[in-house]
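> need a structure here:
(one chain, ligands or ions: 4)
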Amino acid sequence: MASMSADLALLTNYPIAKASGIHLGKRVFGVSVLPRTIGFNGSKFESFATRAVMQVAPIVEESKKENQLGLDVVTETELREKGFLGMRKTKLVCTVGPSCCSYEELKKLALGGMNVARLNMCHNTRDWHEDVIRKIKKLNHELGFCVSVMIDTEGSQIHVADHGAPYSVKAEDGSIWFFTTEQFEGCRPFTVQASYEGFAEGIKEGDELVVDGGMATFEVIERIGNDLRCKCIDPGLLLPRAKLSFWRDGKLVEKHHELPTLSTKDWSDIEFGISEGVDFIAMSFVKDADAVKHLKNYLSTKNKSIKVLAKIESLESLHKLEEIVEASDGIMVARGDLGVEIPLEQIPTVQEEIIDLCRQLNKPVIVASQLLESMIEYPTPTRAEVADVSEAVRQYADALMLSGESAIGSFGEKALSVLCMASSRMELWSREENQRPSVPEHKLGVSLPDQIAEQICNCAGRMANNLGVDAIFVYTKHGKMASLLSRNRPNPPIFAFTNEKSTQMALNLQWGVTPVLIELSDDMEANIAKTTDLIKAKGMLKEGDAVLIISDVTRTCATPTVYQSLQVKVIS
Ligand SMILES: Nc1ncnc2c1ncn2[C@@H]1O[C@H](COP(=O)(O)OP(=O)(O)O)[C@@H](O)[C@H]1O
Ligand SMILES: C=C(OP(=O)(O)O)C(=O)O
Ligand SMILES: [K+]
Ligand SMILES: [Mg+2]
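Ligands and ions are numbered 1, 2, ... in the order given. Next comes the predicted model:
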C-alpha cells in the first residue's frame, strides 16, 4: 500500500523541491540529481559578472553628471568594451522574487544586462510589488539604467492543485487519491485541493488526470459532486501548486473557456500597474484576440501607452495564434503551462512556429520558462539547458526570460551571465555561419506610407549587412521603424533615438535595438548631426565609421510627401 511521504531529504524546502522537479521528472526530463562537477565555464561566468560590475560603477557616476545623450550606462559600457558589432542583440527578462528584490540585488541584475524586470502577480503582496517597482525606477533615475517593468497577471489558473504540504509528495502506483474543491487547512493523506470550483465539470470516469505535464498520471475512477476519486496509474511526484490537465482518448480536455481571461484580481493588479507606471502587462492564459483588444482599448481610453503581451500557454491560444499575435504588442511563449497542455515533444516546434509568426507580423517574442531551471539550485547549467537557450537565440527570439532562476534561486546573477554569454556566442555564430534568409516574405503595410516604411527597413537591413556599416541609427516617435528594422535581424546594432519615454521603454524588448531618449526637433538634419556628434564626443564613433540612417519623423511642411528617408553617413 502506498504511503504519503515527503520525498528525499533534498525535497523538504519548497523552492528547492520545485527546482528538483525537473531532475526527478522521470520520463519528462530524465536528468539525474547526482552532484555535478563544477568546472567548465563556472569561473568564467563569475569573472564576467564581476568585471561588468567593477567597470560600470564609475561610469554610473559619470553619466549621472552629464547625460545629454540618453544612452543607458550598461549599453555604454558594453559599447566601449566590445564595439558596435560586439553588442548583445537578444534581450533579457528577469522575474523578480525574494532572491533578488533588494536595491543592491536589483542593481546587480541591471548591471548584468537585465532589460526587463518581470513581476508575477501570482505571488507576494501588493506592497512587495510596489516596493520592487519603485526600486527599479529609482535605479533608472539615479544611476542611469534603463530597465523596463512588466507585470504578469495571475489569470484563471483552473488547473492548479495543492496537497497542502510545503514539500513534494510521492504518488505510488495503484494508490487512490481524492481531488477536491473543498477548502481546508493543512494536509490530509491522499487528498489534493483543486484551485477552482468547476475543475471536475465535464470530466468522466476513465479520463486521465495528468500532473505537471507528466510528473504523475491518474485515472478518474469516480466523480463525486465537484470532486474526483482517482487511481495513480503512473507514479511520480506531486509538487506544491502542481498544474493539472485532463486527457480523453489521447486528447486534451480543454477547460479554459469557462473563465474570463482577466479576473477581478487581475483588473485590480492592472490598475495598480497603471498607477505605478509599468511598461508591459503580460496576460496569462489568453484564449483569443478579444481579451487582448479589450485590455488595449481600456489602456488607450486611459491614455496609457503600456504594451500588452499575450502569453501563449494553452491549447486554445494555439488554435487562435495568428489573431492573438496580430492583436497584441508582443508574445510570450510560456512553456511552463504550455507543456501541460500539449505533449512535451511538441514544444520545440511550436516554439519555433510562434517565433517565426511573430517575426512575420512584426511583434516581439519572449521565450520563457525552465531555460536554466537547474540553476535555481546549482551554480552551473546543464549542457542541455545551454543548448536550449542557444536554440531560442538561433531561432531569433527577441528575448529570453528567467523565472525561478532569478526569483528564488541562489545563482540569479550567474544565470543572467549564462544567458548573456550563450546568446552572444550564438548571435555571432548565426551571423557568420547561419544562412537563414533575413527578410520574411510576409508583407505588413496596407497604406502607402506603411508600405514605404516596411520596404525601406527591409532594404536597410540588407544594405547594412552588405555594406558592413558599423551601426544603424533610426529616429522614431512610436518605435515603428525601429521594430521594422529589428524584424530583419541585421548584423549591426540599431540605435533608436526617440523623444518618447514610453517608446524607449517598449523598445527594450526588441531584438538588437538600443533605445536612446533624446530631444528631437522637426529638423532631421539637425537631429542626425546632434546625435552623431554626441556619440562621437563619447568616443564611440570615430572617423571612417559608417552609419546607416533611417528616419520616419520628417513629415515637415517643406517635404509633405517624404515620409521616410534612408542615407549612409561616413563619419568625418
Ligand atoms: N514575487 C514573488 N514572490 C515570491 N515568490 C516568487 C515571486 N515570483 C516568483 N516566485 C517564485 O518563483 C517561482 C518561479 O516563478 P514563476 O515561474 O514566475 O511562477 P510560477 O511557478 O507560479 O509559474 C514561483 O513558483 C515562486 O515560487
Ligand atoms: C511564464 C509562464 O507563466 P507563469 O510563470 O505565470 O505560470 C509559463 O507558464 O511558462
Ligand atoms: K502569472
Ligand atoms: Mg503560466
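> Would you mind listing what in this protein touches ligand 4?
313, 334, 336-337 (CB under 5 Å from the ion). Using the backbone N, CA and C atoms, a C-beta is placed for each residue, glycine as well.
> most neighbours, which of these?
Ranked by the number of neighbours (other CB atoms under 10 Å), the residues of the chain next to ligand 4 place Glu313 first, at 27 neighbours.
> about what we covered before: show me which pair in the residues of the chain next to ligand 4 is furthest apart.
Using CB to CB, the residues of the chain next to ligand 4 span at most 7.2 Å, a distance reached by Glu313 and Gly336.
> Look up how far ligand 2 lies from Asp337.
3 Å (CB to the nearest ligand atom, to the nearest Å).
> I meant to write Ile331 there.
Taken as CB to the nearest ligand atom, the span from Ile331 to ligand 2 is 12 Å.
> so that residue makes contact with Ala368?
No: Ile331 lies out of contact with Ala368 (CB atoms under 8 Å); the separation is 10.1 Å.
> Not counting the helix or strand harbouring Ile366 itself, show me its contacts.
Assigned by DSSP states H and E, Ile366 falls within strand 365-368. If you take CB atoms under 8 Å, 6 or more residues apart in numbering as the criterion, strand 365-368 is touched by 93, 309, 330-336, 351, 354-355, 358-359, 392, 395, 397-401, 403, 509.
> mind listing what it pairs with, with the direction of each?
Strand 365-368 has the following strand partners under DSSP bridges: strand 330-334 (parallel), strand 399-402 (parallel).
> Using CSV, write out every CA atom in the helix or strand following it.
Downstream of strand 365-368, the first helix or strand assigned by DSSP H and E is helix 383-394. Extracted in CSV, the C-alpha atoms of helix 383-394 (Å, rounded to 0.1, in the frame of the first residue of the first chain):
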residue,chain,number,x,y,z
ARG,A,383,24.7,21.4,-21.1
ALA,A,384,21.2,20.7,-22.4
GLU,A,385,19.9,23.9,-20.9
VAL,A,386,22.7,25.9,-22.6
ALA,A,387,21.7,24.2,-25.8
ASP,A,388,18.0,25.1,-25.3
VAL,A,389,19.0,28.8,-24.7
SER,A,390,21.2,28.8,-27.8
GLU,A,391,18.4,27.3,-29.9
ALA,A,392,16.0,30.1,-28.9
VAL,A,393,18.6,32.6,-29.9
ARG,A,394,19.2,30.8,-33.2
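> C-alpha coordinates for stretch 186-202, CSV please?
Only the C-alpha atoms of stretch 186-202 are listed here, as CSV (Å, rounded to 0.1, in the frame of the first residue of the first chain):
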residue,chain,number,x,y,z
GLY,A,186,-3.1,21.8,6.5
CYS,A,187,-2.9,18.4,4.7
ARG,A,188,-4.9,15.3,4.6
PRO,A,189,-3.5,12.0,3.5
PHE,A,190,-4.1,11.2,-0.2
THR,A,191,-6.0,14.4,-0.7
VAL,A,192,-5.3,17.2,-3.2
GLN,A,193,-7.1,20.5,-3.2
ALA,A,194,-8.0,22.0,-6.6
SER,A,195,-8.0,25.7,-7.0
TYR,A,196,-11.2,26.1,-9.0
GLU,A,197,-14.7,25.0,-8.1
GLY,A,198,-15.6,23.7,-11.5
PHE,A,199,-12.4,21.8,-12.1
ALA,A,200,-14.2,18.5,-12.4
GLU,A,201,-17.0,19.7,-14.6
GLY,A,202,-17.3,17.7,-17.8
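> What lies in contact with it?
For stretch 186-202, contacts defined as CB under 8 Å, 6+ apart pick out 4, 156-165, 175-184, 223, 226-228, 238, 242, 244, 253, 255, 258-259.
> List buried residues within the residues you listed.
For the contacts of stretch 186-202, a neighbour count by 16 or more other CB atoms under 10 Å gives the buried set as 4, 156-163, 165, 175, 177-181, 223, 226-228, 238, 242, 244, 253, 255, 259.
> Just the ones in strands from these, please.
Among these, the residues falling in strands (DSSP state E) are 160-162, 177-180, 223, 227-228, 238, 242, 244.
> out of these, who's nearest Ile270?
Ranked by distance to Ile270 (CB to CB), those are led by Val160 at 20.8 Å.
> what's the closest non-adjacent residue to the closest one?
Distances taken as CB to CB, 6 or more residues apart in numbering place Ser195 nearest to Val160, at 4.3 Å, with adjacent residues excluded.
> Let me know the pLDDT of the one you found.
pLDDT, Ser195: 82.
> and what of the one 4 residues further on?
Here the pLDDT value assigned to Phe199 is 85.
> Then Ala19?
33.
> cool, Arg248 as well?
94.
> Any chance of a markdown table for the strands paired with strand 365-368, columns distance to Phe473 and mean pLDDT?
Output for the strands paired with strand 365-368, formatted as a markdown table (distance: least, CB to CB, whole Å; pLDDT from 0 to 100):
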| stretch | distance to Phe473 | mean pLDDT |
| --- | --- | --- |
| strand 330-334 | 23 | 98 |
| strand 399-402 | 22 | 98 |
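> Shouldn't Glu405 be within a helix?
Yes: assessed by DSSP: H, G, I helix; E, B strand; the rest coil, Glu405 belongs to a helix.
> where does the residue lying closest to it once chain neighbours are set aside fall, helix, sheet strand or coil?
Closest residue in space to Glu405, ignoring its immediate chain neighbours: Ala415 at 4.1 Å, by CB to CB, 6+ apart. Secondary structure of Ala415, reduced to three states by three-state DSSP: helix.
> residues contacting Ala415?
372, 375, 381, 402, 405-406, 409.
> give me that answer again for 7 Å
Taking CB atoms under 7 Å, 6 or more residues apart in numbering, we find Ala415 in contact with 372, 375, 402, 405-406, 409.
> Over to Gly164?
Here Gly164 is in contact with 186-188, 193 (CB under 7 Å, 6+ apart).
> Of all residues in this structure, which one is closest to ligand 2?
Residue of the chain nearest ligand 2, by CB to the nearest ligand atom: Gly336 (2.8 Å).
> next SSE after the host helix or strand of that residue?
Secondary structure assigned from DSSP H and E places Gly336 in helix 335-341. Sequence order places helix 347-360 as the next helix or strand after helix 335-341, per DSSP H and E.
> for the record, mean pLDDT for that next one?
97.
> Could you say whether Asp269 sits in a helix, a strand or coil?
Asp269 - assigned by three-state DSSP - is helix.
> That one is in contact with Gly155, isn't it?
No: shown here, Asp269 and Gly155 do not form a contact pair, counting by CB atoms under 7 Å, at 10.3 Å.
> From the chain's centroid, how far away is the host helix or strand of Arg118?
Under the criterion of DSSP H and E, Arg118 resides in strand 116-120. Chain-centre distance of strand 116-120: 9 Å, with CA atoms, centre = their mean, to the nearest Å.
> partners of it, with directions?
strand 91-95 (parallel), strand 148-152 (parallel).
> That strand - what's its average pLDDT?
The model assigns strand 116-120 a mean pLDDT of 98.
> returning to what we had before: what about Asp269 and Gly155, which has more around it?
Gly155 (26 against 23).
> now the more buried one: how far from Val286?
For Gly155, the distance to Val286 (CB to CB, to the nearest Å) stands at 8 Å.
> In this structure, what residue comes closest to ligand 4?
Asp337 (3.6 Å; CB to the ion).
> returning to what we had before: can you add pLDDT and distance to ligand 1 and give the ones in strands among the buried ones among the contacts of stretch 186-202 back as TSV?
Supplementary listing: these in TSV, determined by pLDDT from 0 to 100; distance: CB to the nearest ligand atom, whole Å:
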residue	pLDDT	distance to ligand 1
Val160	78	8
Ala161	80	13
Asp162	84	12
Trp177	95	22
Phe178	94	24
Phe179	94	20
Thr180	93	22
Arg223	93	28
Asp227	93	24
Leu228	95	23
Leu238	90	15
Ala242	88	10
Leu244	88	14
